[in-house]
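S.K.: All I have is the shape, not the residue letters:
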């Protein structure tokens, strides 16, 4: 009960602190469009090759140690015998995650080349890296991407994807929309990046979380290239460098979710088969009993075990047992 009261107090404080400033009013887009071409960096492609992999799940981290990534890696190995998990890392983080080397070929850390800007926000830069991974590995048929420090697996995540043009996204609580989400962050991100006309459409929809997405090769290529291109155009290095001090870190780091939700209301959603799946579960705002059940330590939604649980650390009951799993 005390933890719930504290979380509600934090949420109220954040809502009161929604910034008034946007990073740039001059770079705002009216719509989300997939780029006609996506420029590839040969050095990044070479660094991300993983020959022979057909099913891949990616996470990206910088400046974290093994204990933060352990549930991600260990739960993947326990949940499925299929596919490979890759953790993309900047600079010395590869050394900090040296334990990954002992997990076998199905879990690997891939070090990004020095040419990649290590000072960039990982939450934004990861989409460019993910798009390059897909280009570097033509054998990959199904790809999942997610956060790496608050995601665990309960069963085969690749089974959620039906075909090359299928995209599976993860929604937050049905109790709020992009416009009414309690922290105000989702409203802020979409309004700043795309303005009132698109916000009127996106604002009425349930929040989709950008922290976990999976799909077939065609859908994921379009999704990742669009996400990377939009973020590069709307939040180039000079804008991020000159970010007004009035914008707290928790707000400016989350702009990728604004792009993600706008993308789902764009022509992209008409061109691909998009599923908002409860089995790609996001814990934020979800309530035990009414939104999900815990059965023997596993998260169940509408009678089925979730394949992936994102933001397990925001679940008031402590989340799934997989979050406390160690590798054998």
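M.R.: The structure has been received and is ready for your questions. Just so you know, these numbers come straight off a predicted model, no measurement behind them. Numbers count the residues shown, from 1 in each chain.

S.K.: which SS state does residue 105 fall under?
M.R.: coil (DSSP: H, G, I helix; E, B strand; the rest coil).

S.K.: Next up, the contacts around the nearest residue to residue 321 once chain neighbours are set aside.
M.R.: Closest residue to residue 321 apart from its sequence neighbours, by C-beta to C-beta, 6 or more residues apart in numbering: residue 297 at 3.0 Å. No exception for glycine: its C-beta is placed from N, CA and C like everyone else's. Residues in contact with residue 297 (C-beta atoms under 8 Å, 6 or more residues apart in numbering) are 320-322.

S.K.: what about burial for the residues you listed, which qualify?
M.R.: For the contacts of residue 297, a burial check counting by 16 or more other C-beta atoms under 10 Å picks out 320, 322.

S.K.: Take the contacts of residue 297 and keep only those in strands.
M.R.: Using DSSP state E, the subset of those located in strands is empty.

S.K.: in the stretch 151-300 of the chain, which spans are helices?
M.R.: 185-202, 217-234, 237-241, 249-252, 255-263, 267-271 (DSSP state H, counting those that start in this stretch).

S.K.: buried set for the third one?
M.R.: Along helix 237-241, the positions that meet the burial threshold by neighbour count (16+ other C-beta under 10 Å) are residue 240.

S.K.: next one: the shortest one
M.R.: Of the residues in helix 249-252, those with enough neighbours to count as buried (16+ other C-beta under 10 Å) are 251-252.

S.K.: ok so, going back, out of the helices of the stretch 151-300 of the chain, the one nearest residue 134 is which?
M.R.: Residue 134 lies closest, by C-beta to C-beta, to one member of those: helix 217-234, at 5.6 Å.

S.K.: what about that closest one, distance to the chain center?
M.R.: Relative to the chain's own centre, helix 217-234 is displaced by 13 Å; criterion: C-alpha atoms, centre = their mean, to the nearest Å.

S.K.: Could you find the residue nearest the spatial middle of this structure?
M.R.: With distances taken as C-alpha atoms, centre = their mean, the residue of the chain nearest its centroid is residue 211 (2.2 Å).

S.K.: most tightly surrounded among the helices of the stretch 151-300 of the chain?
M.R.: helix 255-263 (a mean of 25; mean count of other C-beta atoms under 10 Å).

S.K.: what helix or strand is residue 317 on?
M.R.: Using DSSP states H and E, residue 317 sits within no helix or strand.

S.K.: how deep is it tucked in, by neighbour count?
M.R.: Residues lying near residue 317 (other C-beta atoms under 10 Å) number 15.

S.K.: next one: residue 81
M.R.: Neighbours of residue 81 using other C-beta under 10 Å come to 8.

S.K.: show me where the stretch 1-150 of the chain has strands.
M.R.: Listed from the start of the chain, the stretch 1-150 of the chain has strands (DSSP state E, counting those that start in this stretch) covering 55-61, 84-89, 107-111, 142-146.
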